[in-house]
Structure formats: C-alpha cells, structure tokens
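> Coordinates for the following, if possible.
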Amino acid sequence: CSLRARETNARTLPDTPQMFSRALKEHSAKQTALREEIDRLKRQCVHSAQYVGEEVTGQLNQGVTTVFQNQKRLENETKRLQNNSAKLAKQSQQWLGLAQQLSTSLKELGDVQNWIRVIEGDMQTIADCLTSITES
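Reported below is the predicted structural model:
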C-alpha cells in the first residue's frame, strides 16, 4: 500500500526539480525586471534633480544678474550725481565771486557819487565866490 501511495503521489505531484527551476527562472526574471525598473527610476530621479538644480541655478543667476545690473546703474548715477554736484559747487563759487565783485563795484560807485556831490558842492561854492567877486 505504501508503494502504491508513493506512485500515486509521484504521478499527481509535478516534477519538483522542474518546478523549482521554473520558480527560480520566474524569480530571476522578476528580479531583473525590478532592477531595470529601479535603474530607470534612478535615472529619471537623477535627471529630475539635475533639471531642478539647473532651474534653481538659472533663477538665482537671473536674480544675481539683475542685482549686478542695478548696482552698475546706481554706481553710474552716483558718479553722475557727484560730477554734477562738483560742477554746481564750482558754479556757485563763481557766482559768489561775481556777487562780491558787484558789491565792491557798487560801493565804489557810491563812493564816486559821494565824491561827485562833494566836488559839485565845492565847485558851486567856488562859482558863487567868483560871481560875488566879479560883481563887486
């Protein structure tokens, strides 16, 4: 009975080495497919990280470029303002000098007018004296 049971079991059970071989092949194929999928996902992840890095770097570079351009504009405007301020200071000094000269000239003119009045008075006195002498 035991021999018959073994024969029956042997016929109903599939060939164990073939079953293990098939299972091993399936497992190996699944492992290979998983490795390929993991490698594909790794490459995709690296590509995405590079893309994000490039985008962030591009945005930062654009911001740095804008700041640099603004700084250059400010430096140029500062130089222009300094030059204009120096010109204004020089021109103000020239105007001040002219105003002082005008003031001095007006004072001198006032002195001349006063001198003319004094001379005119003296001349009138002399003329009156001469008239009196000639009439007498």
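> quick check: longest helix of this structure.
Identified as the longest helix of the chain according to DSSP state H is helix 16-135.
> and that one, average pLDDT?
Computed over helix 16-135, the mean pLDDT rounds to 91.
> And stretch 42-53, how far out from the chain middle?
Its chain's average C-alpha position is 31 Å from that of stretch 42-53, according to CA atoms, centre = their mean, to the nearest Å.
> Can you give the contact residues for that stretch?
The contact list for stretch 42-53 (CB atoms under 8 Å, 6 or more residues apart in numbering) is empty. For every residue, glycine as well, the C-beta is placed using N, CA and C.
> can I get the CA coordinates of that stretch in PDB?
The C-alpha atoms that make up stretch 42-53 are tabulated as PDB, following Å, rounded to 0.1, in the frame of the first residue of the first chain:
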ATOM      1  CA  LYS A  42      17.100  56.200 -10.600                       C
ATOM      2  CA  ARG A  43      18.000  57.700 -14.000                       C
ATOM      3  CA  GLN A  44      14.700  59.600 -14.000                       C
ATOM      4  CA  CYS A  45      15.300  60.800 -10.500                       C
ATOM      5  CA  VAL A  46      18.800  62.000 -11.400                       C
ATOM      6  CA  HIS A  47      17.500  63.700 -14.500                       C
ATOM      7  CA  SER A  48      14.800  65.400 -12.500                       C
ATOM      8  CA  ALA A  49      17.200  66.500  -9.800                       C
ATOM      9  CA  GLN A  50      19.500  67.900 -12.500                       C
ATOM     10  CA  TYR A  51      16.600  69.800 -14.100                       C
ATOM     11  CA  VAL A  52      15.500  71.200 -10.800                       C
ATOM     12  CA  GLY A  53      19.100  72.200 -10.000                       C
END
